[in-house]
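>>> no FASTA, just this:
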């Protein structure tokens, strides 16, 4: 049950998936924790809304993510068990659905090659398919005969909205205080950190800033100039013309890089909307998150329509549903998980670059450790702020 206090152990600002996971781990460990969210919950203004995300252990050449994914799967399973006991009918469907994740490209495709090597290195269960087997299993896809396919059998669909709600519900169950509709107006660092909203000033021994796309505009005000780039992502759902080839019982999630044109494309089976498969570009135009609909994204629609017409011939040529999400990218597509260079009790979580959701359970654990003076469970070198600068901040 929620109980406010004069001094919190940790204040977490931002109730997206990363902030909610962090708050959950803090409260579960017995810390007096406040979770602040600028918008009334639930909302679709940031990066954590929607019903589905891809989860997988395959991660190309970046082994540090694969190592983290092993624990992320374990923590997700733990959350499912907690919800099943505590919430019963609330989370009827589990947070994950295992249908596999398919990575593909020509024999010299760097991402496909590095994915196969990574899965072998970590002894993750996978299959390697040729074009004939691809057509037999997944007849809705049309690619050149020389393509190779790597099926990560651990991959599948995360039920994103259920995971987010579960973290928030369990956070409150463990005694956390959740305040939504309260945007942070100011942050006053020091031995005690003060967070000012429109109606309150909250005090904490430390603070975690999980601001999503708003990190790009807020962090410079506290002297942190990370090269963050918020992008508008156009999320498209396509109707199949005559069968159920793309149902989750028959079709995997997929991710491909520079295999069907330049750039990255991803897809998920028909789960969210009956008979509609999600296939999208993994990029979009740069935006101000407060004016995300003021940008022209016609080039995104033109490109994805061309991909659908060429490579998914059984899908209609126009999407039935179009939604919006926001990525906040870093130049190297790796996260920022670090302490403020001056105030070590200010922890910064930013730049999740469109692939942070699946890692949120373990990222939240690491951030909770950082906020309470513990040694993080992983080598944090890939996530340091100073990697972007030749000289110290």
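Right, received. Where do you want to start? Worth saying up front: this structure is predicted, and the values here are computed from it rather than measured.

>>> tell me what whichever strand or helix holds residue 103 is packed against?
Counting by DSSP states H and E, the element that carries residue 103 is strand 101-105. Helices and strands touching strand 101-105, as assessed by 3 or more CB pairs under 8 Å, 6 or more residues apart in numbering; DSSP states H and E, comprise helix 110-121, strand 148-152, strand 253-257. From N, CA and C alone the C-beta is placed, and that goes for glycine too.

>>> Go through the ones you listed and name the closest to residue 297.
Closest to residue 297 of the helices and strands packed on strand 101-105 is strand 253-257 (CB to CB; 20.7 Å).

>>> Give me the phi and psi for the residue nearest to residue 165 when sequence neighbours are not counted.
Using CB to CB, 6 or more residues apart in numbering and skipping the chain neighbours, the partner closest in space to residue 165 is residue 42 (7.6 Å). Note on residue 42: its backbone torsions stand at phi -80, psi 160 [degrees, to the nearest 10].

>>> ok, now which ones touch residue 42?
By CB atoms under 8 Å, 6 or more residues apart in numbering, the contact set of residue 42 is 49, 161, 164, 165.

>>> The first one and residue 17 touch, don't they?
Looking back up the chat, that one is residue 49. No. The pair residue 49 / residue 17 is not scored as a contact, 9.6 Å apart, by CB atoms under 8 Å.

>>> how about low-confidence regions in the stretch 1-150 of the chain?
1-5, 85-96 (pLDDT under 70).

>>> go with 80
For the stretch 1-150 of the chain, the stretches with pLDDT under 80 are 1-6, 84-97.

>>> What count of nearby residues applies to the nearest residue to residue 183 once chain neighbours are set aside?
The spatially closest residue to residue 183, leaving aside those adjacent along the chain, is residue 38, at 3.6 Å (CB to CB, 6+ apart). Residues near residue 38, counting by other CB atoms under 10 Å, number 20.

>>> do the same with the one 3 residues further on
Other residues within reach of residue 41 by the criterion other CB under 10 Å amount to 14.

>>> try residue 368
Neighbour tally, residue 368, other CB under 10 Å: 26.

>>> that's a helix at residue 67, yeah?
Yes. Applying DSSP: H, G, I helix; E, B strand; the rest coil, one finds residue 67 inside a helix.

>>> Leaving out chain neighbours, which residue sits closest to it?
Going by CB to CB, 6+ apart, residue 67 has residue 378 as its nearest residue, at 7.1 Å.

>>> And residue 11, by the same measure?
Using CB to CB, 6+ apart and skipping residues adjacent in sequence, the residue nearest residue 11 is residue 204, 3.9 Å away.

>>> And residue 156, by the same measure?
Nearest non-adjacent residue to residue 156, counting by CB to CB, 6+ apart: residue 98, 4.2 Å away.
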